[in-house]
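In: One predicted model, sequence on top.
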Amino acid sequence: MTDAGLLTRFIGGVPYLASFANMVKVEAAIGAPADCVRRLGALAVMVAEDAERLWQKLRLANDEHERLVSMAEGWRRISPGFGEAGARALLYRLKAQHFIDHALLGWARSQGSAHDEAWRALATLPARWTAPVFPLKAADFIQRGMEKGPALGAALAAAEKAWIAAGFPSDAAALERIVSHATATARA
């Protein structure tokens, strides 16, 4: 298709053949099923504009478009150098599907081989660890006398950030410290 010029006409842009070939290899390396959206991202998406073009040209579903946009924006920002804590924080924010997309596309476009253990560990994190649900609610702050409004929202956001930084603790004492600090900070 590439030699005949059909691929360029089909995707409306530059095909990244090496990236596509590497995606096939890294999916196989972790035992992931072939994913057509992820492979399309590897083949034809470098920046968000590519995802927009494909969405229109191929009449993709909204969720497919969302995944391609996420890959375009995130594949450069993921690395095995994050360490386990940083990778868990990213997994919590992105959710599993987007995290795997970013990790595999980053791996496919990296200098790492399909046998790179650091990339493998990063890409398989969602299989080993499930991101917990943020355990604090607005009621936890309202009980401390906070009123509904921007300060409450700021306290919740600060508490979530602290909870992630602390490694997602679930014990009551750690959560109490997080609520106390976020409440004091929001009132200051």
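Out: Now that the structure is in, tell me what you want to look at. Numbers count the residues shown, from 1 in each chain.

In: how would you label Ala34: helix, strand or coil?
Out: Under DSSP: H, G, I helix; E, B strand; the rest coil, Ala34 falls in the coil class.

In: So, low pLDDT: which residues of the protein?
Out: For the chain, applying pLDDT under 70 flags the ranges 1-10.

In: all helices for it, in order.
Out: Listed in chain order, the helices of the chain (DSSP state H) span 6-11, 17-30, 36-44, 48-58, 62-74, 83-94, 96-108, 117-123, 125-128, 138-142, 150-165, 172-187.

In: Sort out which residues of the fifth one are buried, please.
Out: Put plainly, it is helix 62-74. 64-72, 74 (16 or more other Cβ atoms under 10 Å). In this view, the C-beta of every residue, glycine as well, is placed from N, C-alpha and C.

In: out of those residues, which one sits closest to Glu49?
Out: Ala72 (8.0 Å; Cβ to Cβ).

In: hang on, isn't that closest one packed against Ala42?
Out: No - using Cβ atoms under 8 Å, Ala72 is not in contact with Ala42, being 11.2 Å away.

In: hmm, who's touching stretch 146-163?
Out: 134-136, 138, 141-142, 169, 175, 178-179, 181-183, 185-187 (Cβ atoms under 8 Å, 6 or more residues apart in numbering).

In: For the residues you listed, pick the one with the most neighbours.
Out: Top of the contacts of stretch 146-163 by neighbour number is Ala182, holding 25 neighbours under the definition other Cβ atoms under 10 Å.

In: do you know how far it is from Gly153?
Out: 11 Å (Cβ to Cβ, to the nearest Å).

In: just Gly112 next, same as before
Out: On the measure of Cβ to Cβ, Gly112 and Gly153 end up 40 Å apart.

In: what about those two, which has more around it?
Out: The residue with more neighbours, out of Gly112 and Gly153, is Gly112; 17 against 13, by other Cβ under 10 Å.

In: What values do phi and psi take at the more buried one?
Out: phi -70, psi 150 (degrees, to the nearest 10).
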